[in-house]
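Enquirer: sharing a model prediction with you, sequence too.
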Amino acid sequence: MVIFTLGHADILYAHINEYGYLELIIFDTYDFNKDAPDWKVKIARQVEEAGIIREYYTLTLVEIDIYTWLKWLLGIS
């Protein structure tokens, strides 16, 4: 289940742990969209379809301390 989408990545898990840290698991797929207008993506798609490269995904664990994420939440710089 996707909790939130950030840019082109999905946040799969969000939790505040016992120390006040915000923990996130972010899922991102690296593939080249067939109908993308950017010429670089079109070339990469052709290379992908030729079997030279393949799509893949990443899972990233992010941990942000309470002071940092509260500053973001409250809009404090």
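Expert: Yep, that arrived.
Enquirer: going by C-alpha atoms from here, please, whenever you check contacts or count neighbours.
Expert: Fine.
Enquirer: looking at the chain, which residue lies furthest from center?
Expert: Note on the chain: the largest separation between a C-alpha and the mean C-alpha position, by CA atoms, centre = their mean, falls on residue 50 (26.2 Å).
Enquirer: tell me where the model's unsure across the chain.
Expert: Across the chain, the ranges flagged by pLDDT under 70 are 1-7.
Enquirer: in it, which residue is closest to the centre?
Expert: Central residue check for the chain by CA atoms, centre = their mean: the C-alpha nearest the mean position is that of residue 9, 2.9 Å away.
Enquirer: okay, and the nearest residue to that one once chain neighbours are set aside sits in which element?
Expert: Nearest in space to residue 9, with sequence neighbours left out and distances taken as CA to CA, 6 or more residues apart in numbering, is residue 28 at 4.6 Å. Under the criterion DSSP states H and E, the helix or strand holding residue 28 is strand 22-30.
Enquirer: check residue 71 too.
Expert: With secondary structure defined by DSSP H and E, residue 71 is part of helix 66-74.
Enquirer: contacts only, for the residue nearest to residue 9.
Expert: Taking CA atoms under 8 Å, 6 or more residues apart in numbering as the definition of contact, the neighbours of residue 28 are 8, 9, 10, 57, 58, 59.
Enquirer: hmm, try it at 6 Å
Expert: Going by CA atoms under 6 Å, 6 or more residues apart in numbering, residue 28 touches 9, 57, 58.
Enquirer: closest to residue 68 out of those?
Expert: If you rank those by distance to residue 68 using CA to CA, residue 9 comes first, at 21.1 Å.
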